[in-house]
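Student: No letters, just coordinates:
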DNA sequence: CTGAAAGCGCTTACAG
DNA sequence: CTGAAAGCGCTTACAG
């Protein structure tokens, strides 16, 4: 066990000062070709790499971005996590990941840990934080972006897709498909996405002069959504369409419906929200509304890095358009194809 | 932007020395009740938390564990990531996550970053690293555990399940079910899991005096596995069972088979490997071999923390038993139930 | 370009 | 128990 090698050891071996070693490893610092050569050689021989922690301490930049996520079972998050990680790595940042139950207290605790680690920025994916803590992060100069969740608060930037709009478009699609008894198993009403999609649903129904066949909170949980679906089709008056608050719940709904002997897309239409990879797989072929994860990730990373590396420009929340993706789980209105939307 | 608050500022406000502040925040250090009270009060008022980076520098312990993963599309990894993160957080450690394509070079690069961050330990999930780098990690005193992958090398600890055994048991199950034309779409042959499961398959076939109907490398990739499946059933001699190297590929195989008009579990049997959550969902109901993720995670965390916190005890690789999980995608031998195994 | 020196925010012997 | 001081491994003015 040799332990770590330091810049002083490299300096000794290269016959230069410790500062010289540091300069060779600092992009933009000045060192002669000769010095650089000697230093790199010694570094290679010793297996030296600058200690990022020490560098972070003196420079005040850790190049660590904290990511707080709730549940990874919903495929939307692993996908986002991977994209985020790749994009950040490409720009020299690293993701410190925390999984936290989606309660303000535990999220707050985790974010305090992140601040103790001098994270340069924080991404909260689908979780909310207390406004008190948001204020403190702002005071400490740590930018926070909320990914796929909207929350008011000073210094809080939201990156979302147009959820009200999406809920409305899905509902209009269903209405155009001549569905008359439309139910909504909503996303968790404690979240902005759950509320917004529901709002879109309600507006479209109202505009068409329709009453919801049923409206329940599926909590973004598979078992809850499945129970709701079973109940909805248990009586002899049943919905002819169900708009489900996200894909993760919609898969459960599809499973429950089939178990009850119904064929989705024929006996009953089901539409989800997100368009996770699994939605495209044959066994589900879920009609859904695509959230543009790529663009959401790109925006998140840009906003964060802009705030970290320049201190101008108050960042603004962004909202991206999504799009309906037609597959087999819902009846398609006559004359409509995926292109026609 | 007030910036971070330091222990000196807290000391000034509390009317004690900076060392005193440090002691109050160091578990096990001695401070009078009176001092502690004053310090905590001042800290609260100022919103102080010790800087983890500074603490890490002087103590030599960062409490950061690096996790390197390849692809998160296979549900096995998000599940493991979440469990790992929870277990580690509970013990005061944090996960710095890197996604890296599964090539020795990129994994090596990422691990060097991890070492630069003074990670206390490294978990490489289903990726391999060069033996050169493994040696360096060992020299630097950083424990590395390979999760779900076996690799020889000094200082490398493997946490796996009994893959040869699993492959054998699946094959025996298929043989007992009177399948006669058994194909294997293997996991990537560049990985120990892929090779071991295939080895188990081969041994069981040989013991039964059977020839493999087909044996191909599915590369752990869904599109590849689907193409293999399509080919296997294209001719008029087709397999009556397919053992697929992992669940992720098996879902693709199931989709491809159904698309070709075959009913899994009736016209043809399919067995996967892993038992990810999705395998239990109605649309797939995949018969598979369960890897005990919980125990694998627990062992990984214990081994790592033992090595970090005590410097005795050469750690040893561990291998856990898995178990067959019967669902609907494969014909069940007469007289056998899930209990009967 | 280069070296000596200060300083980042802590922990930890060392004396009292 | 408590304070003054050294030191963790770097970066970055400051002189030359």
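Tutor: Good, I have the coordinates. No experiment lies behind these values; they were computed from the predicted model shown.
Student: How about stretch A:265-278 and chain B, touching?
Tutor: Yes - legend: contact between stretch A:265-278 and chain B by Cβ under 8 Å from any Cβ of the partner chain is shown at A:277, A:278. Glycine gets a C-beta too; all of them are placed from N, C-alpha and C.
Student: got the end-to-end distance for that stretch?
Tutor: Terminal residues of stretch A:265-278 lie 17 Å apart, using Cα to Cα, to the nearest Å.
Student: How about the secondary structure of residue A:152?
Tutor: Counting by DSSP: H, G, I helix; E, B strand; the rest coil, the backbone at residue A:152 sits in coil.
Student: Could you tell me the phi and psi values at it?
Tutor: Torsion angles at residue A:152 (phi, psi; degrees, to the nearest 10) stand at phi -70, psi 160.
Student: confidence score at it?
Tutor: Per-residue pLDDT puts residue A:152 at 80.
Student: same check, this time on residue A:295
Tutor: For residue A:295, the pLDDT comes out at 97.
Student: got a list of what the residue nearest to it when sequence neighbours are not counted touches?
Tutor: Closest residue to residue A:295 apart from its sequence neighbours, by Cβ to Cβ, 6 or more residues apart in numbering or on different chains: residue A:320 at 5.3 Å. Listed by Cβ atoms under 8 Å, 6 or more residues apart in numbering or on different chains, the contact set of residue A:320 reads A:160, A:161, A:162, A:291, A:292, A:295, A:296, A:299.
Student: confidence score at residue A:320?
Tutor: 97.
Student: And the contacts of residue A:320, which of them are buried?
Tutor: Taking 16 or more other Cβ atoms under 10 Å in any protein chain shown as the criterion, what is buried in those is A:160, A:161, A:162, A:291, A:296, A:299.
Student: Of those residues, just say which sits nearest to residue A:44.
Tutor: Comparing the buried ones among the contacts of residue A:320 against residue A:44 with Cβ to Cβ places residue A:299 closest, at 39.7 Å.
Student: That closest one touches residue A:319, doesn't it?
Tutor: No - Residue A:299 is beyond contact range of residue A:319, at 9.7 Å (criterion: Cβ atoms under 8 Å).
Student: Mark which of the contacts of residue A:320 are part of strands, please.
Tutor: Judged by DSSP state E, the contacts of residue A:320 include A:160, A:161 as members of strands.
Student: can you tell me which of the contacts of residue A:320 lies nearest to DNA strand D?
Tutor: Closest approach between the contacts of residue A:320 and DNA strand D, by Cβ to the nearest atom of the strand: residue A:299, at 28.3 Å.
Student: ok, now how distant is the closest one from DNA strand C?
Tutor: 31 Å (Cβ to the nearest atom of the strand, to the nearest Å).
Student: show me the contacts for that residue.
Tutor: Residue A:299 neighbours (Cβ under 8 Å, 6+ apart): A:159, A:318, A:320.
Student: what sits opposite the residue nearest to residue A:295 in the beta ladder?
Tutor: residue A:161 (DSSP bridges).
Student: which residues sit against the host helix or strand of residue A:45?
Tutor: Using DSSP states H and E, residue A:45 sits in helix A:33-46. The contact list for helix A:33-46 (Cβ under 8 Å, 6+ apart) reads A:5, A:9-11, A:13-16, A:20-21, A:23-25, A:31, A:48-49.
Student: Of the residues you listed, which are in range of chain B?
Tutor: Answer for these near chain B (Cβ under 8 Å from any Cβ): residue A:49.
Student: Let's see which of the contacts of helix A:33-46 end up in helices.
Tutor: A:9, A:10, A:11, A:13, A:14, A:20, A:21, A:23, A:24 (DSSP state H).
Student: May I ask which two of the contacts of residue A:320 are separated the most?
Tutor: A:162 and A:299 (13.4 Å).
Student: Mind pulling the model confidence for residue A:145?
Tutor: Predicted confidence (pLDDT) for residue A:145: 93.
Student: Assumed it was part of a strand.
Tutor: Yes - assigned with three-state DSSP, residue A:145 falls within a strand.
Student: residues touching it, list them.
Tutor: A:121, A:122, A:123, A:124, A:156, A:157, A:158, A:159, A:300, A:303, A:304, A:315.
Student: care to break chain A down by domain?
Tutor: A:7-50, A:61-162+A:292-321, A:163-291 (automatic domain parsing).
Student: how about those, which one is nearest residue B:262?
Tutor: When those are ranked by proximity to residue B:262 (Cβ to Cβ), domain A:163-291 comes first, at 12.2 Å.
Student: Show me which residues of the stretch 51-200 of chain A sit near DNA strand C.
Tutor: Residues of the stretch 51-200 of chain A that fall close to DNA strand C, judged by Cβ under 7 Å from any atom of the strand: A:54, A:57, A:58.
Student: Tell me which helix or strand the last one sits in.
Tutor: So the one you mean is residue A:58. Using DSSP H and E, the element containing residue A:58 is helix A:52-59.
Student: just checking, what packs against the helix or strand just after that helix?
Tutor: Downstream of helix A:52-59, the first helix or strand assigned by DSSP H and E is strand A:64-69. Where contact means 3 or more Cβ pairs under 8 Å, 6 or more residues apart in numbering or on different chains; DSSP states H and E, strand A:64-69 is packed against helix A:76-90, strand A:94-99, helix A:104-116, strand A:121-125.
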